[in-house]
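Peer 1: coordinates only, no sequence provided:
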């Protein structure tokens, strides 16, 4: 009798838990659950074009009974209706960057104006489940700022403690940290494709999104009509971040030396930058900050490592290029005027960039080199990467892939000053992808070509509309020069 009663209780519990992540028992099939579009900042003009909802994906594709996570989805209907078949799916970077909250902006800058656009918050990002350790965002940010300011053993220990707390919290809440990584993200996108009833789509990956896009093309080529890889983030092995940034800055400083106005106002900018770092190493520059930032004593100590981190951030963005030489010269002359605004913007960007726990969860699964020890005297740019964190986080997962020899038409966009992947490396990857890949370099562009190059955006849109045709890339050679600000 006790056995029968126990079975009845278990059945009731099972029914009560049905539909929840921890209690999924029914066979899970791809489906789209439409919801209200409760997104911030969506205009009345754009709102009627949005179709919002969720897709529930298996927590573990190896164990479908382990439950599910809900992924946030937004389909942006093309302004032109009926839209062309085969929509565009945009795969954002990070890993860990939110996407669907920017639906209004994405709708106003379509990837292929005559096609619908699919936006997905990848698992653990934005409005998608899970949030591994929601109460530690401030601790992660504080630890990153501490390392950028002075990468001492204490600062590194502070970050390790935050990550250890996050791992303990996530596992205590029943999350398996092996349910992350690019192979899982690709499986999620394939599940979303089926849920939306899409036979084939055009895949646009940017930054880390190119890692996902390349792996998706390698594993599911029949579902991809065309692929655009904007600012490739290649699988391991990759150069260290300090090497990538040094290559980027050398190219930028070289451009300044060859530009009459820049060379006259900032002669030997590379040497000035080295002297500036050396001077800050001897004596940091104190910068008064606005009280609303709630910093100790309302000030920031601009150290050599913090300037390195700041400049490595600014070189991503062409909008920062005109003022970057003047910023370096200003700090070199120990003038703090105007620096508060720059530092406040950089800190705001750091806090909004990614979900740091998801970033770690993916990178630790994907990239073996983060388990290697850093050499003595490693750059702060490398110390900001998750070296020393992955060994205790999770096991290595399946490696991201390059679709070598694929028949999928592929467009590779590279920025001349990209601090993540130098153009020669992305060109090498395009050669590995094969004869169906077209590689285009964009002068005076950093990371994320499309966002800063109307020419790049047009080439990508034309390519997705007609991927069988070799793209006209002539506009890339007509990029406007940088208009540097005077000293």
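Peer 2: That came through fine. In this text, all values refer to a predicted model and were calculated from it rather than measured experimentally.
Peer 1: okay, and the beta partners of residue 204?
Peer 2: Going by DSSP bridges, residue 204 is paired in beta bridges with residue 90, residue 228.
Peer 1: and for it, the neighbour number?
Peer 2: Other residues near residue 204 come to 27 when the count uses other C-beta atoms under 10 Å. (Glycine included, C-beta is placed from N, CA and C.)
Peer 1: next one: it from residue 37, what distance?
Peer 2: Between residue 204 and residue 37 the distance is 22 Å, computed by C-beta to C-beta, to the nearest Å.
Peer 1: got it, and residue 317?
Peer 2: 30 Å.
Peer 1: repeat for residue 232
Peer 2: Distance of residue 232 to residue 37, given as C-beta to C-beta: 32 Å.
Peer 1: which one's more surrounded, those two?
Peer 2: residue 232 (30 against 17).
Peer 1: quick check: phi and psi at that one.
Peer 2: Backbone torsions for residue 232, taken as degrees, to the nearest 10, come to phi -60, psi 140.
Peer 1: could you double-check that it lies in contact with residue 421?
Peer 2: Yes - Residue 232 lies in contact with residue 421 (C-beta atoms under 8 Å); the separation is 5.1 Å.
Peer 1: who touches both of the two?
Peer 2: Residues touching both residue 232 and residue 421 by C-beta atoms under 8 Å, 6 or more residues apart in numbering: residue 414.
Peer 1: what ranges does the chain have for its strands?
Peer 2: For the chain, the strands defined by DSSP state E occupy 32-35, 50-58, 68-76, 84-91, 115-120, 201-206, 224-230, 285-288, 299-302, 410-415, 437-442.
Peer 1: now render these as TSV, adding distance to residue 131 and mean pLDDT.
Peer 2: What follows is the strands of the chain, written out as TSV (distance: least, C-beta to C-beta, whole Å; pLDDT from 0 to 100):
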stretch	distance to residue 131	mean pLDDT
strand 32-35	18	97
strand 50-58	15	98
strand 68-76	11	98
strand 84-91	20	96
strand 115-120	16	98
strand 201-206	23	98
strand 224-230	27	98
strand 285-288	33	94
strand 299-302	29	93
strand 410-415	32	98
strand 437-442	36	98
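Peer 1: so can I have TSV of those showing distance to residue 378?
Peer 2: Formatted as TSV, those follow (distance: least, C-beta to C-beta, whole Å):
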stretch	distance to residue 378
strand 32-35	46
strand 50-58	38
strand 68-76	36
strand 84-91	31
strand 115-120	35
strand 201-206	28
strand 224-230	29
strand 285-288	24
strand 299-302	21
strand 410-415	26
strand 437-442	30
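Peer 1: what's the domain layout of this protein?
Peer 2: With domains defined by automatic domain parsing, the chain comprises 134-174+354-383, 241-353.
Peer 1: as a markdown table, those with distance to residue 117 and mean neighbour count would be great.
Peer 2: Converted to a markdown table, the domains of the chain look like this (distance: least, C-beta to C-beta, whole Å; neighbours: other C-beta atoms under 10 Å):
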| stretch | distance to residue 117 | mean neighbour count |
| --- | --- | --- |
| domain 134-174+354-383 | 22 | 18 |
| domain 241-353 | 22 | 17 |
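Peer 1: nearest to residue 78, of the ones you listed?
Peer 2: Ranking the domains of the chain by proximity to residue 78 (C-beta to C-beta) places domain 241-353 first, at 27.9 Å.
Peer 1: and stretch 307-324, average pLDDT?
Peer 2: Averaging pLDDT along stretch 307-324 yields 97.
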